[in-house]
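[1] fold the following and give me the result.
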Amino acid sequence: MVLSEGKIGKSYQVSEIKLPVHMEKRLEALGMTMGTAVSVLNSKDKGVQIVKVRGTRFALGRNITKNIVVR
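    This is a model prediction of the structure:
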């Protein structure tokens with residue numbers, strides 16, 4: 001499944017990031033790498049999704065979260 005389908009309050013593990021290289025490198029610099037635990041804190045229907053990665057909260061747009069595969 002992709003991160004944009006994640007439920008609020010659940011934790012997932014990143015298994016693949018399908019983004020352009022510059023965006024993927026930016027997420028890696030922020031701590032989102034393969035195998036990292038990601039918790040969904042808040043999610044709007046078509047808006048941003050707030051996630052917690054390694055103790056830091058991030059607001060990510062749907063165009064990004066729909067390209068992050070989690071399990």
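[2] which residues in this protein form strands?
    Across the chain, reading from the start of the chain, the strands by DSSP state E fall at 11-17, 37-43, 49-53, 56-60, 68-70.
[3] tell me which of those lies nearest to residue 27.
    Distances from residue 27 to each of these were compared using Cβ to Cβ; the shortest belongs to strand 11-17, at 6.4 Å. For glycine as for every other residue, the C-beta is placed from the backbone atoms N, C-alpha and C.
[4] name the helices or strands packed onto that closest one?
    strand 37-43, strand 68-70 (3 or more Cβ pairs under 8 Å, 6 or more residues apart in numbering; DSSP states H and E).
[5] so which of those is the most packed in?
    Between the helices and strands packed on strand 11-17, the one whose residues have the most neighbours on average, counting mean count of other Cβ atoms under 10 Å, is strand 68-70 (a mean of 20).
[6] and the longest helix for this structure?
    The single longest helix within the chain, with elements called by DSSP state H, is helix 21-29.
[7] list the buried residues of that helix.
    24, 27 (16 or more other Cβ atoms under 10 Å).
[8] what average pLDDT does that helix get?
    The predicted model gives helix 21-29 an average pLDDT of 96.
[9] check stretch 42-58 too.
    Regarding stretch 42-58, the rounded mean pLDDT is 93.
[10] next one: it to chain centre, how far?
    Between the mean C-alpha point of stretch 42-58 and the mean C-alpha point of its chain there is a distance of 7 Å (Cα atoms, centre = their mean, to the nearest Å).
[11] do stretch 38-47 as well
    Relative to the mean C-alpha coordinate of its chain, stretch 38-47 is positioned 9 Å out (Cα atoms, centre = their mean).
[12] what does stretch 54-67 give?
    Averaged C-alpha coordinates place stretch 54-67 at 4 Å from its chain's average position (Cα atoms, centre = their mean).
[13] neighbouring contacts of it?
    Where contact means Cβ atoms under 8 Å, 6 or more residues apart in numbering, the residues beyond stretch 54-67 that reach it are 2-4, 6, 17-19, 23, 27, 30-32, 36-37, 41, 46-52.
[14] and that stretch, end to end?
    Stretch 54-67 has an end-to-end distance of 20 Å (Cα to Cα, to the nearest Å).
[15] give the buried residues for it.
    For stretch 54-67, the buried set under the neighbour-count rule, 16+ other Cβ under 10 Å, comprises 58, 60, 62, 64, 65, 67.
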